[in-house]
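1. Sequence plus the predicted model coming up.
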Amino acid sequence: MAEFVGAVDQGTTSSRFMIFDHSGNEVGRHQLEHEQILPQAGWVEHDPIEIIERTNTCLQQALTKTGLSASDLVALGVTNQRETTVVWNRRTGRPYYNAIVWQDTRTDRIATALERDGKGDVIRRKAGLPPATYFSAGKIQWILENVDGVREAAESGDAVFGNTDTWVIWNLTGGTDGGLHVTDVTNASRTMLMDLETLDWDDELLGFFGIPRRMLPEIKPSSSPTAFGKTRANGPLGGEVAITGDLGDQQAATVGQVCFAPGEAKNTYGTGNFMLLNTGTELVRSQSGLLTTLCYQFEGQPAVYALEGSIAVTGSAVQWLRDQLGIISGASQSESLARQVEDNGGVYFVPAFSGLFAPYWRSDARGAIVGLSRFNTNAHLARATLEAICYQSRDVTEAMATDSGVSLEVLKVDGGVTMNELCMQIQADVLGVSVSRPVVAETTALGAAYAAGLAVGFWKSTDELRENWNEARRWEPQWSAEQRDTGYAKWKKAVERTLDWVDVD
């Protein structure tokens, strides 16, 4: 009898396959990074072929390392970097262009024109999103307008679009030989093309971007026993497994953190930071620069909505210290280097490499390090980088409290950066609330597994999932209120220095 659930987690810097048991414990994993392609300033791309090849390798290797086979998996869930856009030929399976990553800013003119032409308010009302470079629709438009032959192929039905969940599912279910062209409500809600009330593609929004409807995948619930097909027997798993869950990565982490009740929130620390607050079946429209988005939908049940604060650069700022500046050799060294100093020495680092996301939504912003003196060292910069992660999260929690009336008493955290204990202590200090990390910190993959397992009855209810959640570590605030207020005021001054740097027509 099958006793495990698998989860494909196709992320911004890597792809991995994880296997979980009924208690939500990790049984095995394999993970591989893929290349970050940076053709010019502000452009970020991935090779979709490399992504699917590495995903397939992760599937094979995780099973090999654990001694399991496809028959041991009751179901498979998929989660993914959201908004990252792939357009490919359904007949050949070849992408027309590299995947344009969510961090990419080449579509700033498209976003600015939408706002200038008065279409921004329509997008906010229908899709819950501001016109921004972040989301998929502008990226699709750019490919249609700039890559030869794609417009004609899209009109004829040969060129199709998907975020990376759709690309992975299409390939796993057969690709050119009958692969399913599907997505779920959470990923569809990140495109600027789906109406939040109807949960369907909207013709007026499609018209804003000149996108043919036939390019788009069919929208399904996030958890369904039949919506996403089965893996091919001759595929990387070596057998048929039902794909029964599909969630964008931040929504998956919300499910993995068992935030099933309105008012429950989590913050995921990865390449960027993403805080989601469950608002239940009520669609709450933000007045404070947050996104209104789908949280999840289980088949046969109403959609659950969320408010989201999306931050573009957090963990990737640590990666920048490693790869571009060379002041650390690995991400973990950022903690030991930052511990060499007691505070930031007056240095503030605003990593607005892709502009600023929530709650500012300023594509004209660029990164800045301010407050430098001869006294400062690389340790102060490392400390300022960790503080930037935490101050950006405070920006979002302030907006969330304004919109929802909910003040956090404890923040549930997950993702790779939560292994940095100094960073989590700083987060508690900056927010003035407790910070709680679960035993299974990789809740993105776990949430995809939960969605898949619920669909086939492996877990009977969300109450059963709550019983799996256990706290591993808690951090309590140590700063005084004066320290907290002074630090945040200086952070806000630093943010002001990043604005109006890039001229956007």
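-> Cool, got the structure.
2. so where do the helices sit in the stretch 251-400 of the chain?
-> Here the stretch 251-400 of the chain has its helices, by DSSP state H, counting those that start in this stretch, at 315-320, 333-338, 378-404.
3. Indicate which one of those is closest to Pro262.
-> Closest to Pro262 of the helices of the stretch 251-400 of the chain is helix 378-404 (Cβ to Cβ; 9.1 Å). For every residue, glycine as well, the C-beta is placed using N, CA and C.
4. Let me see the mean pLDDT of that closest one.
-> For helix 378-404, mean pLDDT rounds to 94.
5. Against which helices or strands is that helix packed?
-> When contacts are defined as 3 or more Cβ pairs under 8 Å, 6 or more residues apart in numbering; DSSP states H and E, helix 378-404 packs onto strand 265-269, strand 273-280, strand 304-311, helix 315-320, helix 333-338, strand 348-350, helix 421-431, helix 481-498.
6. Let me have the helices of the stretch 251-400 of the chain in a markdown table, extended by mean neighbour count.
-> Converted to a markdown table, these look like this (neighbours: other Cβ atoms under 10 Å):
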| stretch | mean neighbour count |
| --- | --- |
| helix 315-320 | 22 |
| helix 333-338 | 20 |
| helix 378-404 | 23 |
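7. got TSV for those helices, with distance to Arg362 too?
-> Formatted as TSV, the helices of the stretch 251-400 of the chain follow (distance: least, Cβ to Cβ, whole Å):
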stretch	distance to Arg362
helix 315-320	17
helix 333-338	26
helix 378-404	12
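8. pLDDT score for the residue of the chain most remote from its centre?
-> Centroid-distance maximum for the chain: Arg374 at 38.0 Å, with Cα atoms, centre = their mean. In this model, Arg374 is scored at 95, pLDDT.
9. Then Trp142?
-> Looking at Trp142, the pLDDT reads 98.
10. Residues in contact with stretch 423-439: which ones?
-> With Cβ atoms under 8 Å, 6 or more residues apart in numbering as the test, stretch 423-439 has contacts from 257, 269, 335, 386-387, 389-391, 393-394, 397, 408-414, 417-418, 469-479, 481, 483-484, 487-488.
11. Give me the neighbour count for Gly210.
-> Applying the criterion other Cβ atoms under 10 Å, we find 13 residues in the vicinity of Gly210.
12. Name the helix or strand for the closest residue to it other than its chain neighbours, please.
-> Nearest non-adjacent residue to Gly210, counting by Cβ to Cβ, 6 or more residues apart in numbering: Gln141, 6.1 Å away. Element membership for Gln141, per DSSP states H and E: helix 136-146.
13. That helix: which residues count as buried?
-> Neighbour counts over helix 136-146 (16 or more other Cβ atoms under 10 Å) mark 136-144 as buried.
14. and what of stretch 54-61?
-> Neighbour count says stretch 54-61 has 54-56, 58-61 buried, by 16+ other Cβ under 10 Å.
15. taking the residues you listed one by one, which sit in helices?
-> Among the buried residues of stretch 54-61, the residues falling in helices (DSSP state H) are 54-56, 58-61.
16. closest to Thr226 among those residues?
-> Distances from Thr226 to those, taken as Cβ to Cβ, are shortest for Leu59 (21.3 Å).
17. Please name the residues that touch the closest one.
-> 6, 8, 17, 30, 236-237.
18. For it, which non-adjacent residue is spatially closest?
-> Pro236 (4.3 Å).
19. so is that neighbour in a helix, a strand, or just coil?
-> Here Pro236 is coil, with the state taken from DSSP: H, G, I helix; E, B strand; the rest coil.
20. residue contacts, it?
-> Counted by Cβ under 8 Å, 6+ apart, Pro236 has contacts 55-57, 59-60, 172.
21. again, 10 Å this time
-> Counting by Cβ atoms under 10 Å, 6 or more residues apart in numbering, Pro236 makes contact with 17, 52-53, 55-61, 63, 70, 171-172.
22. Then Leu422?
-> Leu422 is in contact with 334-336, 338-339, 382-383, 386, 475, counting by Cβ under 10 Å, 6+ apart.
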